[in-house]
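[1] no sequence for this one, just the structure:
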């Protein structure tokens, strides 16, 4: 039986580089009314990373000498959020470790998210939840909170053996500079966006992801591994295919409200969301250029817009459009409220948005998000 030991001390290491006081992590961005909706989508993405995660952990024990983990293995979950999905990740990792011939006797798990994340709730869940227990092994698991931005240093040099992150890396550290009001009615990259809008987003991702890799390269030991799952796109040219249709439909919704006099046009033209879905080429180039890691595997998975199972939050009358709208509202409502102020009728926005999504799904019911899943190895340090 796994023994869970949860120290009361949080490892505070603030290294926020965000230009917005608003949290760009999913943990703060969740609207509590709709938390179930986004958590289901996150859960689907997390489980889609299992094959890469399992293979990576297995390879670590094949290629690493027994003494490396004979005492204590140190793991970080980056952008962990504060709900049951965090428990799901920890439980799965413990289960996989217990299958290894030379399983570590102890593991330390560092749960990282921005300081506004509800770590108190997270530790309460762990103290009462038995799903993090795995039968027939003797691994002791010590769990810590590590608040701070993963675009800053979080751990001492050569601390970690393994790092994991899901549905977090696509959040940028800030809204790309140079957009001003040049993206007009679009709130993200669209097929109608000017070229410099795409370039601004791409450069911001390159800076952020390079920083992320550099810092993790300092914190992860030589030979250590990392598995990341995050939003992306399947084509190099974002104007050739609209792979972020949910954001396009929200842009159209806000444009309709401008026409009705419910939203100020200037406010819409200056609103852009700090998310970026990179291409395969951009990821590969960033990893090679930064130089700390070898890119061992890069896969992709499609995740349907609609996640329905195992949730009591949905009403029987909820259409697919409403389900998607609740999910998008969960992480974008705070951004809308901060930018547009109290004058915006958020309920009205997402009622209209749900109708637009429903119309879209009636034509293309297979609409899905594109997610990258990558596995990296820290190069041997000299």
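    Sure thing, it's come through. This is a predicted model, so every value here is computed, not measured. Residues are numbered from 1 along each chain as shown.

[2] phi, psi for residue 226 please.
    Comment: the main-chain dihedrals of residue 226 come out as phi -150, psi 140, following degrees, to the nearest 10.

[3] count of neighbours near it?
    Neighbours of residue 226 under the rule other CB atoms under 10 Å: 25. Placement of C-beta: from N, CA and C, glycine included.

[4] and it, bridged to which residues?
    Here residue 226 sits in beta bridges with residue 163, residue 376, going by DSSP bridges.

[5] pLDDT at it, what is it?
    Residue-level confidence at residue 226 comes out at 98, pLDDT.

[6] my read: it touches residue 376, true?
    Yes. At 4.7 Å, residue 226 and residue 376 qualify as touching, with contact defined as CB atoms under 8 Å.

[7] give me the common contacts of the two.
    In terms of CB atoms under 8 Å, 6 or more residues apart in numbering, residue 226 and residue 376 are both contacted by the residues residue 293.

[8] name the residues of the top helix by length along the chain that come out as buried.
    With DSSP state H setting the assignment, residue counts place helix 195-219 as the longest helix in the chain. Within helix 195-219, the residues that qualify as buried by neighbour count (16 or more other CB atoms under 10 Å) are 197-198, 200-202, 204-213, 215-219.

[9] need the strands for the stretch 251-382 of the chain, in chain order.
    Per DSSP state E, counting those that start in this stretch, the stretch 251-382 of the chain has strands spanning 293-304, 368-378. These are given in chain order.

[10] the shortest one versus strand 293-304: what angle between them?
    I take that to be strand 368-378. Between strand 368-378 and strand 293-304, the angle comes out at 160 degrees (axes from the mean of the first three to the mean of the last three CA atoms, to 10 degrees).

[11] what is the mean pLDDT for strand 368-378?
    Averaging pLDDT along strand 368-378 yields 96.

[12] also the longest one?
    Average pLDDT, strand 293-304: 95.

[13] what's the distance between it and the middle of its chain?
    Between the centre of strand 293-304 and the centre of its chain there are 14 Å (CA atoms, centre = their mean, to the nearest Å).

[14] likewise stretch 271-280?
    Relative to its chain's centre, stretch 271-280 lies at 12 Å (CA atoms, centre = their mean).

[15] tell me the buried residues in it?
    Judged by neighbour count using 16+ other CB under 10 Å, the buried positions of stretch 271-280 are 271, 272, 273, 274, 275, 276, 277, 278, 279, 280.

[16] what of stretch 82-98?
    Judged by neighbour count using 16+ other CB under 10 Å, the buried positions of stretch 82-98 are 82-83, 85-98.

[17] among those, name the ones in helices.
    With helices identified by DSSP H, the entries of these that belong to them are 85-98.

[18] go through those and name the one nearest residue 169.
    residue 89 (15.0 Å; CB to CB).

[19] from memory the closest one sits against residue 165, does it?
    No. Residue 89 is not in contact with residue 165 according to CB under 8 Å; the separation is 9.7 Å.

[20] find residues that contact each of the two.
    Residues within reach of residue 89 and of residue 165 at once, by CB under 8 Å, 6+ apart, are residue 77.

[21] how much space is there between residue 341 and residue 264?
    Here residue 341 is placed at a distance of 9 Å from residue 264 (CB to CB, to the nearest Å).

[22] quick one: which of those two has more around it?
    With neighbours defined as other CB under 10 Å, residue 341 and residue 264 compare such that residue 264 has more, 15 against 10.

[23] OK, contacts around the more buried one?
    Each residue near residue 264 by CB under 8 Å, 6+ apart is listed here: 258, 340, 343.

[24] per-residue confidence for it?
    Confidence at residue 264, expressed as pLDDT, is 91.

[25] same question, residue 14
    At residue 14 the predicted local confidence, pLDDT, stands at 31.

[26] how about residue 111, secondary structure?
    Counting by DSSP: H, G, I helix; E, B strand; the rest coil, the backbone at residue 111 sits in strand.

[27] what's around it, how many residues?
    By the measure other CB under 10 Å, the count of residues near residue 111 is 27.

[28] coming back round to it: so which of the ones in helices among the buried residues of stretch 82-98 comes closest to residue 50?
    When these are compared for distance to residue 50, the smallest value, 6.7 Å, is given by residue 92; criterion: CB to CB.

[29] the closest residue to the closest one other than its chain neighbours: how many residues sit nearby?
    Counting by CB to CB, 6 or more residues apart in numbering, the nearest residue to residue 92 once its immediate chain neighbours are dropped is residue 50, at 6.7 Å. By the measure other CB under 10 Å, the count of residues near residue 50 is 15.

[30] quick check: residue 50 vs residue 93, distance?
    From residue 50 over to residue 93 the distance is 10 Å, taken as CB to CB.

[31] what of residue 292?
    Relative to residue 93, residue 292 is positioned 22 Å away (criterion: CB to CB).

[32] pretty sure residue 117 is touching residue 81, no?
    Yes. Taking contact to mean CB under 8 Å, the distance of 6.8 Å between residue 117 and residue 81 places them in contact.
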